[in-house]
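A.B. asks: fold the following for me, if possible:
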Amino acid sequence: MTISKLTSGTCAVALCVAAGGTQAETLDMQAYVPQTLPVLGTAGVDLAERVGRLTGGEIEIVYHDPGALVPTNEILDAVSTGAIAAGWYTPGLAEGVIPAAPLFTAFPFGPDAVEYTAWWYQGGGKELWAELSAPFGIHTELCTMLAPEASGWFAEPIESPDDLAGLKMRIFGLGASVLEKLGAQAQSMGVGDTVTGLNLGTLDAAEISFPALDLQLGMQEHASHYYFPGWHQQSSLITFIVNQDVWDGMDDSHRAAIQEVCAANVALTIAEGESIQLAPLAQLEAEGVTVHQWNDEMLAAFRGGWDEVLAERTAADADFARVWDSITTFRADYATWADLGYLD
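C.D. replies: You can find the predicted model right below:
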């Protein structure tokens, strides 16, 4: 069984002695976000702690902050080859090798967390991702859902689509392609470089996350216009990935513990993400931030840009088209149920 030997702490190798005298398997988990970030990182820490308790210490998942073992853009490859056992990951990071991957993280004008998880668990999403990622030798468990993100922080107000021309903005995922259609210069970079860019004026805007996280990062010190809704990421999926040989070599009870903790994490993070935003938002406003909502003209422009991006992506990649067909078919059926079952 292939298990990483890059562990930290008291265990020099991957097999250590648990409290009860049995051998403990240590799974090094390289994360794409720091463990201190609310929901995004803390849910990974919770995963490790609860799996340890449920297995009586027989499975120890060690959360490694970004870059500790491998760079973020190498997590998939490192888990695939067995260089590390596991990753705290979002599928969209694999876009370079799986063009449809962003559809398994977030996409413009996408579903809320309930609808997205329904597609993942019951609408074929999980099976499609397993198929597309199978060549890379990984097993995936959906393990966290994120609340809607803000649309971004802007140095100046945006009054019309014309204001986006030449705008330099840090943004993740398919939303970046949409902004480029509207004349902006979308850039991908870490939080530290983003803050530096805003301070130096080499960036005009930046999308990071939701209010609780943006406040923790101090984004209000670098820009003062905060826009909603996050049309580009209405909800987002975070996953626990593990080398397939490692997964197959685990006891059934150990695999079940990870699956049950991840399923619980999904429910808990939906609740947490929805409940922790108002106080941080009020604090941001108290510190001088102006909160805006996009007008209908802007939302129509974003949707038009997304339609262009979508047409290009579905034409360019058969798997992207197939996943998109799965999503749209499920959403059409879900809309019928939602109209009947829920109050407006």
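
A.B. asks: pretty sure residue 158 is in a strand, no?
C.D. replies: No: Residue 158: not assigned to a strand; according to DSSP: H, G, I helix; E, B strand; the rest coil it is coil.

A.B. asks: that one: neighbouring residues, count only.
C.D. replies: 20 (other CB atoms under 10 Å). Using the backbone N, CA and C atoms, a C-beta is placed for each residue, glycine as well.

A.B. asks: my read: it touches residue 299, true?
C.D. replies: No: contact criterion CB atoms under 8 Å: residue 158 and residue 299 do not qualify, at 11.9 Å.

A.B. asks: I'd like the next helix or strand past the helix or strand hosting residue 282.
C.D. replies: Element membership for residue 282, per DSSP states H and E: helix 278-286. Using DSSP H and E, the next helix or strand after helix 278-286 towards the C-terminus is strand 290-293.

A.B. asks: got the CA positions of the following helix or strand past that next one in PDB?
C.D. replies: Using DSSP H and E, the helix or strand that follows strand 290-293 in sequence is helix 296-316. What follows is helix 296-316, C-alpha atoms only, in PDB (Å, rounded to 0.1, in the frame of the first residue of the first chain):
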ATOM      1  CA  ASP A 296     -29.900  44.400 -13.900                       C
ATOM      2  CA  GLU A 297     -27.700  45.800 -16.700                       C
ATOM      3  CA  MET A 298     -24.500  44.400 -15.100                       C
ATOM      4  CA  LEU A 299     -26.000  41.000 -14.400                       C
ATOM      5  CA  ALA A 300     -27.300  40.800 -18.000                       C
ATOM      6  CA  ALA A 301     -23.800  41.600 -19.200                       C
ATOM      7  CA  PHE A 302     -22.200  38.900 -17.000                       C
ATOM      8  CA  ARG A 303     -24.800  36.400 -18.200                       C
ATOM      9  CA  GLY A 304     -24.100  37.300 -21.800                       C
ATOM     10  CA  GLY A 305     -20.400  36.800 -21.200                       C
ATOM     11  CA  TRP A 306     -21.100  33.400 -19.600                       C
ATOM     12  CA  ASP A 307     -23.200  32.300 -22.600                       C
ATOM     13  CA  GLU A 308     -20.200  33.100 -24.800                       C
ATOM     14  CA  VAL A 309     -17.800  31.200 -22.600                       C
ATOM     15  CA  LEU A 310     -20.100  28.300 -22.300                       C
ATOM     16  CA  ALA A 311     -20.600  28.000 -26.000                       C
ATOM     17  CA  GLU A 312     -16.800  27.900 -26.600                       C
ATOM     18  CA  ARG A 313     -16.100  25.400 -23.800                       C
ATOM     19  CA  THR A 314     -18.900  22.900 -24.800                       C
ATOM     20  CA  ALA A 315     -17.700  23.100 -28.400                       C
ATOM     21  CA  ALA A 316     -14.100  22.600 -27.500                       C
END
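
A.B. asks: and the contacts of whichever helix or strand comes after helix 296-316?
C.D. replies: Per DSSP H and E, the first helix or strand lying C-terminal to helix 296-316 is helix 318-341. By CB atoms under 8 Å, 6 or more residues apart in numbering, the residues outside helix 318-341 that reach it are 98-100, 103-104, 111, 115, 118-119, 123-125, 128, 132, 310, 313-315.

A.B. asks: now intersect these with the helices, please.
C.D. replies: 115, 118-119, 125, 128, 132, 310, 313-315 (DSSP state H).

A.B. asks: just the buried ones from these?
C.D. replies: With burial judged by 16 or more other CB atoms under 10 Å, the buried subset of the ones in helices among the contacts of helix 318-341 is 115, 118-119, 125, 128, 132, 310, 313-314.
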